[in-house]
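>>> need a 3D model of the sequence below.
(chains A, B, C and D)
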2 protein chains.
Amino acid sequence: MTGRRQEIRERNRLSLIEAVLDSVAEKGISETSVSEIIQRAELSRGMIHLHFGGKDNLVDEAARHSSEQYYNGIYDLLETTGQTGQEHIEMIVRGDLSEAILNKKTVSIWYAFRGEARNRAAIAAFSDTRDAKLRNLVFNAFARIAKEAGTEHPNQVARDATHGTLAMLEGMWTDYLLHPDSFDRDEAMRIVFRFLRAMFPMHFDLNGALLFE
Amino acid sequence: MTGRRQEIRERNRLSLIEAVLDSVAEKGISETSVSEIIQRAELSRGMIHLHFGGKDNLVDEAARHSSEQYYNGIYDLLETTGQTGQEHIEMIVRGDLSEAILNKKTVSIWYAFRGEARNRAAIAAFSDTRDAKLRNLVFNAFARIAKEAGTEHPNQVARDATHGTLAMLEGMWTDYLLHPDSFDRDEAMRIVFRFLRAMFPMHFDLNGALLFE
DNA sequence: GATTTAAATGGACGATTGTCCATTTTGTTA
DNA sequence: TAACAAAATGGACAATCGTCCATTTAAATC
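Below is the predicted model of the structure:
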């Protein structure tokens, strides 16, 4: 019976990461101490040094883990949607504002790390506003839409639409951070789609994507 | 010669607040210790307890001070602009993205406090996304614009335009936080105005407000 | 079952944290 | 200028921080 050792080892490693994320979500980064972490993970003091070489590395790793979860959530959703540009955009907007991806825990963690990003390069790398891959996905969708709509300067428009849409989603997250209980997901989606409808009236209405016959 | 005492007292008090903001901007909240603060303020250890009763109160006060500066900056700008709704909006957009209001120091401070907002009520109160007063200003401007444009459901549209525009500005701040050196203010403004032009083509173009004859 | 060795434990350690107060300094008043 | 009082000082203090290693535990191998 081999491999049991490594299995336990990896489980413990993951426990530490999850303990960090729980603590950051509940108490904030400044109160996420070694004592707090090992208590949540129900492991001994030395484990952090053993597995990660120190607390800072562990926290960096937790930030990486957390951002990976976000992107995986979005990319998984994209697998299940239609083929048109507007459907892709709708899925990203809905996904980004869905309970599964935007909730009290994720938003707490995301903003806690953001606050440290400026002073810790490793964290900055993972807290980027929607990474290059996602940006490209959105851009390609808008580029198709702009061309279909016969817009002038379709690439420029697509770039601006990408930037503006992702910025608006960012702002919605901030709203949720500061007012998690009064935040209205449907309203947030409608607002994004209202701006997109104004820009591409053939492709969006207040509920999302419009499809041709 | 009276009042000199109080003058020195208040100067020291302010020194402590500014020392906190400098430290938060440069080193982050977690490294802003009592030792760090008093060293920057060139005052003695006991002053924090004497003036604020403790470090936490001082930090809260610094957050308040910082948010006050932001709003004062915006409101001052508004005094100098024209009377139409679209001029007000243009001024807010341009102001919010101007070097005076959005720079490396302010964005570091703003996001550092945001990261703590979830766990510290006093800080949450000051890190709100553009406060009620500013929101009302923007809403009133959009309400006028929507009515002039003859839009259906002008109040609903104005509310959504307000929410969406402020969210987009929020997102632009995040962009700046994560990429301060490659961030392009003019591009950010153009993007916001592109969305506004799409929604209110009689009132905005890519450079901002359009005025009637 | 004995041996080996990787993994986990938990306490010792020096450094640093924020608080607080006895003392000193200095502006104000008598 | 002497007396007073407000303000500032700076070190003592217990508590907590993160690191690290001698020891123990337990899986894997013989």
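>>> now A:I145: how far from A:F139?
Distance of A:I145 to A:F139, given as Cβ to Cβ, to the nearest Å: 11 Å. In this view, the C-beta of every residue, glycine as well, is placed from N, C-alpha and C.
>>> so what sits against both of these two?
A:A158 (Cβ atoms under 8 Å, 6 or more residues apart in numbering or on different chains).
>>> compare these two (neighbour count), which wins?
A:I145 (26 against 17; other Cβ atoms under 10 Å in any protein chain shown).
>>> quick one: the more buried one from A:M189, how far?
18 Å.
>>> for A:P154, same thing?
25 Å.
>>> pull the residues that contact stretch A:81-90.
Counting by Cβ under 8 Å, 6+ apart, A:78, A:91, A:137-138, A:140-145, A:148, A:165, A:193, A:196, A:200, A:203-204, A:208-211 sit against stretch A:81-90.
>>> likewise for stretch A:194-207?
With Cβ under 8 Å, 6+ apart, stretch A:194-207 has contacts from A:85-86, A:89-90, A:145-146, A:148-149, A:157, A:161, A:164-165, A:168, A:190, A:193, A:209-210, B:157, B:160-161, B:164, B:194-195, B:198-199.
>>> repeat that for 7 Å
A:86, A:145, A:149, A:161, A:168, A:190, A:193, A:209-210, B:160, B:164, B:195, B:198-199 (Cβ atoms under 7 Å, 6 or more residues apart in numbering or on different chains).
>>> cool, and stretch A:145-161?
A:G85, A:Q86, A:F139, A:F142, A:A143, A:M199, A:F200, A:M202, A:H203, B:R190, B:I191, B:R194.
>>> how long is that stretch from one end to the other?
Counting by Cα to Cα, to the nearest Å, you get 10 Å between the two ends of stretch A:145-161.
>>> that one: how far from the chain's middle?
Centroid separation between stretch A:145-161 and its chain, computed with Cα atoms, centre = their mean, to the nearest Å, is 26 Å.
>>> nearest the middle, which residue of chain A would you pick?
By Cα atoms, centre = their mean, chain A has its centre lying nearest to A:Y70, at 4.0 Å.
>>> gap between the closest residue to that one other than its chain neighbours and A:I17?
Nearest residue to A:Y70, sequence neighbours excluded (Cβ to Cβ, 6 or more residues apart in numbering or on different chains): A:I101, at 6.6 Å. Using Cβ to Cβ, A:I101 is found at 19 Å from A:I17.
>>> repeat for A:V93
Distance of A:V93 to A:I17, computed by Cβ to Cβ: 29 Å.
>>> now A:I8
15 Å.
>>> low-confidence ranges in chain A?
A:1-2, A:129, A:213 (pLDDT under 70).
>>> break it down into its domains, please.
With domains defined by automatic domain parsing, chain A comprises A:1-53, A:67-209.
>>> in a markdown table, list those along with distance to B:E31.
As requested, those are arranged in a markdown table below (distance: least, Cβ to Cβ, whole Å):
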| stretch | distance to B:E31 |
| --- | --- |
| domain A:1-53 | 10 |
| domain A:67-209 | 7 |
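>>> among those domains, show me which one is buried the most.
Among the domains of chain A, domain A:67-209 has the highest mean neighbour count (mean count of other Cβ atoms under 10 Å in any protein chain shown), at a mean of 19.
>>> end to end, how far does that one reach?
27 Å.
>>> do that domain and DNA strand C come into contact?
No - Domain A:67-209 does not reach DNA strand C (Cβ under 7 Å from any atom of the strand); its nearest approach is 14.0 Å.
>>> just how off-centre is the helix or strand harbouring A:Q6 within its chain?
Using DSSP states H and E, the element containing A:Q6 is helix A:4-27. How far helix A:4-27 lies from its chain's middle: 20 Å, per Cα atoms, centre = their mean.
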